[in-house]
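1. got a sequence here, can you build the structure:
(one chain, ligands or ions: 1)
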Amino acid sequence: MKKILILNGPNLNLLGTREPAQYGSTTLSDVEAMCKAEGARIGYEVECFQSNWEGALLDKIHEYGRLFKSGDALGCVFNPGAFTHTSIALHDAIKGVDGLPVIECHISNVHAREEFRHHSWVSPAASGIVIGFGVDGYLIALGGLVRKFGNR
Ligand code: CA2
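-> Here you go, the predicted structure:
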């Protein structure tokens, strides 16, 4: 069974515990369980990984780049958190793994928020972007990844 990675960046481990008006009350483990169940339903093994460390996210993208090359992974749904707006390293990693489809996902509509959230270093390297659908965005991104890149 091919793998799909649900990758979450800094502070997303706090999901559902604070700022419910902005991010809702669903926890990250709820989101991960939803994605795993949906993956199993449509024939993919979903792996979930969250880190507050930029380097750990880079290493995971590199690992999935290798799994993609060997035909063992389909792609990745990635919410880079605040690193979205700061990290040229994440941009370079996604470009660098050459071919791994990455769907960028944001829970909130970043364009309706502070100006510093309007720019993403990840978007130019992403294969698709899902923004502002709350935590449902993860499932929308997963579905979009499979529709665009699955079964070929
Ligand atoms: O809307 C998103 O998904 C964001 O990626 C979330 C990031 C933010 O920096 C981006 O601009 C947009 C923040 C994640 C922090 O998550 C928390 C969740 C609950 C409580 C506190 C933080």
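2. quick one: Glu38 is in a strand?
-> No. Glu38 is assigned helix when assessed by DSSP: H, G, I helix; E, B strand; the rest coil, not a strand.
3. ok, it - contacts?
-> 46, 139, 142-143 (Cβ atoms under 8 Å, 6 or more residues apart in numbering). Backbone N, C-alpha and C define where each C-beta goes, glycine included.
4. looking at the residues you listed, which is nearest Ala21?
-> Ranked by distance to Ala21 (Cβ to Cβ), the contacts of Glu38 are led by Leu139 at 21.5 Å.
5. how about the closest one: what's its closest non-neighbour residue?
-> Glu38 (5.7 Å; Cβ to Cβ, 6 or more residues apart in numbering).
6. what lies in contact with the lowest-mean-pLDDT helix or strand in the chain?
-> The weakest-scoring helix or strand in the chain, judged by mean pLDDT, DSSP states H and E, is helix 20-23 (a mean of 89). Contact with helix 20-23 is made by 15-16, 107-108, 134-135, as judged by Cβ under 8 Å, 6+ apart.
7. rebuild those residues as CSV, extending it with secondary structure, distance to the ligand and neighbour count.
-> Below are these laid out as CSV (DSSP: H, G, I helix; E, B strand; the rest coil; distance: Cβ to the nearest ligand atom, whole Å; neighbours: other Cβ atoms under 10 Å):
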residue, secondary structure, distance to the ligand, neighbour count
Leu15, coil, 5, 23
Gly16, coil, 7, 17
Ile107, coil, 4, 23
Ser108, coil, 3, 18
Gly134, coil, 9, 14
Val135, coil, 9, 21
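8. tell me which of those has the lowest pLDDT.
-> In terms of pLDDT, Gly16 ranks lowest among the contacts of helix 20-23, with 93.
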